[in-house]
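A.B. asks: Prediction below, plus the sequence it came from.
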Amino acid sequence: MQQKNQYANWWSKLLFKKKFENQFFIPVPASAIEEKIFKTIEKYKFNHDFSQIPITKPIFIVGLPRSGTSMLYNLLCAHEKAAYITNSINACPESICTIEWLRKKFNFNASGERFLADSINTDFGSPSEPALLWGKWMGRDVDSLYWEEKRLACFSSEKIQEIYTDVRRILFTFGGLKNNDKRFICKYPVMQTELRMVQDLFPDAHFIHIVRDSRPAANSLLKLYHLTNNQIKKIKHPWVTYIVPYPRVKTLQGYIDQFGADDIRTTANVWQDSIELVHQTAPDLKNFIEVRYEDILTNPSLELKRLFDFCELNWPSVDNKSFQSEFEIIGITHHQNNYKDFEVIESITGRMLKKLKYL
């Protein structure tokens, strides 16, 4: 059962009810007037020298959509040292400090279940996928079904500095200018083609690859395809009319041409090829670890301890209520799934299922 949306105060409901009900991972942009006000505040109030803030051992979560990436992201971002892209920042990528300052100062907030109806609650301060920031940084086209691999040489020195400054601004919103020991954490479920480039930018980056059994995962990808495109129509998104929410592997276009985007054979093949791509890339990454979603559900303490050790983070403090809340709901769902076509999926993904010890 979908939970009723909650608003922090009357102003939050008045100003943001429609925006929250029309949520999408590619947010509806702010109005021209809002954008101008935010940019003016950003320019004059937050004209600090951010270069002194270190970007130390950032953590990147990679995994197919519907593979537990959000669960893991929320758990890691609940750590005391975490800094991350909030839903507010993702909606206003040109005014990072301003939007967080306004959100906190005036207690602007709305909370409720994500439009994906997947038992995960979200609010303005929740960890967000960096859809708009990623486009700003990397120049990716959501309409393109294949993203050629980029490396550092593909970016101008100005663009590289812009990326670093934006990450430092995010760190600033969590820890200020002085003695900032926060760790930037980011997850993007279509980042499989970007891993070498991310390490080019952040040589001491730590990569966590989360995988999930292909049989439910391929079904969930189909569900995601329908949910996202239905939401685009529902909210009348001003510039996104259709999306294929799958990783941009080289084979994606061919599978869609052969089977269609809403076919279990497409999602099963994309699952297989996406994981293969990460495995091929992993030897080039300095700090890489893989975890199975099902193992986190079965033994969360053991698996999360392993991941925190890998990230060089202590286990969260006993006083950390945010982490305790996220830890207590691991594996708890309020929605129902209708998985099918397991034989078809196994016929396509059997080799990888055996490698990952699901068979």
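C.D. replies: That came through, no problem. These numbers were taken from a predicted model, which means no experiment stands behind them. Residues are numbered from 1 along each chain as shown.

A.B. asks: Any stretches of the stretch 151-300 of the chain with poor pLDDT?
C.D. replies: Along the stretch 151-300 of the chain, segments meeting pLDDT under 70 are nowhere present.

A.B. asks: try 90
C.D. replies: Residue ranges of the stretch 151-300 of the chain with pLDDT under 90: 189-190, 235-239.

A.B. asks: where exactly do the strands run in it?
C.D. replies: Secondary structure of the stretch 151-300 of the chain by DSSP state E, counting those that start in this stretch: the strands cover 183-187, 206-211, 288-292.

A.B. asks: closest one to residue 170 among those strands?
C.D. replies: Judged by Cβ to Cβ, the one of the strands of the stretch 151-300 of the chain that comes nearest to residue 170 is strand 183-187, at 6.4 Å. (C-beta placed from N, C-alpha, C; glycine too.)

A.B. asks: so that closest one versus strand 206-211, what angle?
C.D. replies: For strand 183-187 against strand 206-211, the angle by axes from the mean of the first three to the mean of the last three Cα atoms, to 10 degrees is 30 degrees.

A.B. asks: so what strands line up beside strand 183-187?
C.D. replies: strand 59-62 (parallel), strand 82-84 (parallel) (DSSP bridges).

A.B. asks: can you list contacts of that strand?
C.D. replies: Residues from elsewhere that reach strand 183-187 (Cβ atoms under 8 Å, 6 or more residues apart in numbering): 55-63, 69-70, 72-73, 76-77, 79, 81-85, 127, 129-130, 167, 170-171, 311, 313.

A.B. asks: try stretch 115-128
C.D. replies: Contacts with stretch 115-128, where a contact means Cβ under 8 Å, 6+ apart, come from 2-3, 16, 23-25, 70-71, 73-74, 77, 84-90, 103, 108-114, 185, 187, 224, 227, 231, 332-335.

A.B. asks: contacting residues for residue 276?
C.D. replies: Residue 276 is in contact with residue 352, counting by Cβ under 8 Å, 6+ apart.

A.B. asks: circling back: out of the contacts of stretch 115-128, name the ones that lie in helices.
C.D. replies: Among these, the ones falling in helices (DSSP state H) are 16, 70-71, 73-74, 77, 87-90, 103, 224, 227, 231.

A.B. asks: now those in TSV, with distance to residue 134 and neighbour count?
C.D. replies: Formatted as TSV, these follow (distance: Cβ to Cβ, whole Å; neighbours: other Cβ atoms under 10 Å):
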residue	distance to residue 134	neighbour count
16	24	16
70	16	23
71	21	21
73	15	28
74	19	23
77	17	24
87	15	22
88	16	24
89	12	26
90	9	21
103	21	22
224	18	20
227	21	17
231	19	18
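
A.B. asks: Out of these, which two sit at the greatest distance?
C.D. replies: Farthest-apart pair in the ones in helices among the contacts of stretch 115-128 is 103 and 224; separation 27.7 Å (Cβ to Cβ).
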